[in-house]
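In: from the sequence below, what's the structure:
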Amino acid sequence: MKVESATPSPPGKPRVEVVPTEARGIQGHPAGLISRTIANILDLGLVIALVAGTYVTWAGVKFLWQGREFTRPTPGFARAFAFMTLVHIVYFATAWTTSGRTFGDRLMGLRVVGRSGRLLALGWASIRALLCVYFPFGLLWAGIDRRHRSVQDLILRTSVIHDWLIRPVAPPEVATSDDAGRAGIDVQTSVADEADDRHAEPVAGLDRQ
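Out: So this is what the prediction gives:
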């Protein structure tokens, strides 16, 4: 995809484009089941890598400490699964609170937002992370729902939207011209449409005073 950081524009039409050209038609729209599934698979792969890296680090430290008496760490399936679940929940909650998107969301151009279109607070992000980790099949409802909402979205009134911007744009009711420019939206000044002050029409009764 081609991403234009800045595009020349006619006078009076400042325009800054950071959304890929092919994605401008879906920018801000709810994300579908396929893109969300791919993002979750990428996130799961990253979590597994983090857990594996933690195990290797633990084994390395233990080897340096024990020397010839080193024995391979065997945490057991239950402990390993519990640790991976904890890492997954913390990873989701942190990502959704700070930027609204995980590693997989970033690659797929997605963002998790609350009912008002803003980022989730830590408490809501943690609850959503728990629901997503313990009930991942809730995502399948996004393939049926008209607005592509998962079970978690329906419960917490959250949404997953297509958003390629580095940071989320303010909701429409408080969006500024700078936010619109970053989204690749034309921002026109209304001065050109107003009458020129040098040719203003005389106000009735002004000449008689």
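In: report all helices and strands that the longest helix anywhere in the chain contacts.
Out: Counting by DSSP state H, the longest helix found in the chain is helix 33-66. Applying 3 or more CB pairs under 8 Å, 6 or more residues apart in numbering; DSSP states H and E, we find helix 33-66 packed against helix 77-98, helix 103-108, strand 110-113. Placement of C-beta: from N, CA and C, glycine included.
In: between it and helix 77-98, how many degrees?
Out: Computed by axes from the mean of the first three to the mean of the last three CA atoms, to 10 degrees, the angle separating helix 33-66 from helix 77-98 equals 120 degrees.
In: what residues of helix 33-66 count as buried?
Out: Residues 33, 35-37, 39-40, 42-43, 46-47, 51 are the ones in helix 33-66 that count as buried (16 or more other CB atoms under 10 Å).
In: any chance of CSV for those, columns distance to residue 130 and pLDDT?
Out: Shown next, in CSV, are the buried residues of helix 33-66 (distance: CB to CB, whole Å; pLDDT from 0 to 100):
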residue, distance to residue 130, pLDDT
33, 21, 96
35, 23, 96
36, 18, 97
37, 20, 97
39, 18, 97
40, 15, 97
42, 20, 97
43, 15, 97
46, 19, 97
47, 15, 97
51, 18, 94
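In: what is the nearest of those residues to residue 132?
Out: Set against residue 132, the nearest of those by CB to CB is residue 40 (8.0 Å).
In: would you mind measuring from that closest one to residue 65?
Out: Distance, residue 40 to residue 65, by CB to CB, to the nearest Å: 37 Å.
In: report the contact partners of the residue nearest to the spatial centre of the chain.
Out: For the chain, the residue nearest the mean C-alpha position is residue 111 (2.2 Å; CA atoms, centre = their mean). Residue 111 makes contacts with 99-101, 105, 160-161, 163, 168, as judged by CB atoms under 8 Å, 6 or more residues apart in numbering.
In: try it again at 7 Å.
Out: By CB atoms under 7 Å, 6 or more residues apart in numbering, the contact set of residue 111 is 100-101, 105, 161, 163, 168.
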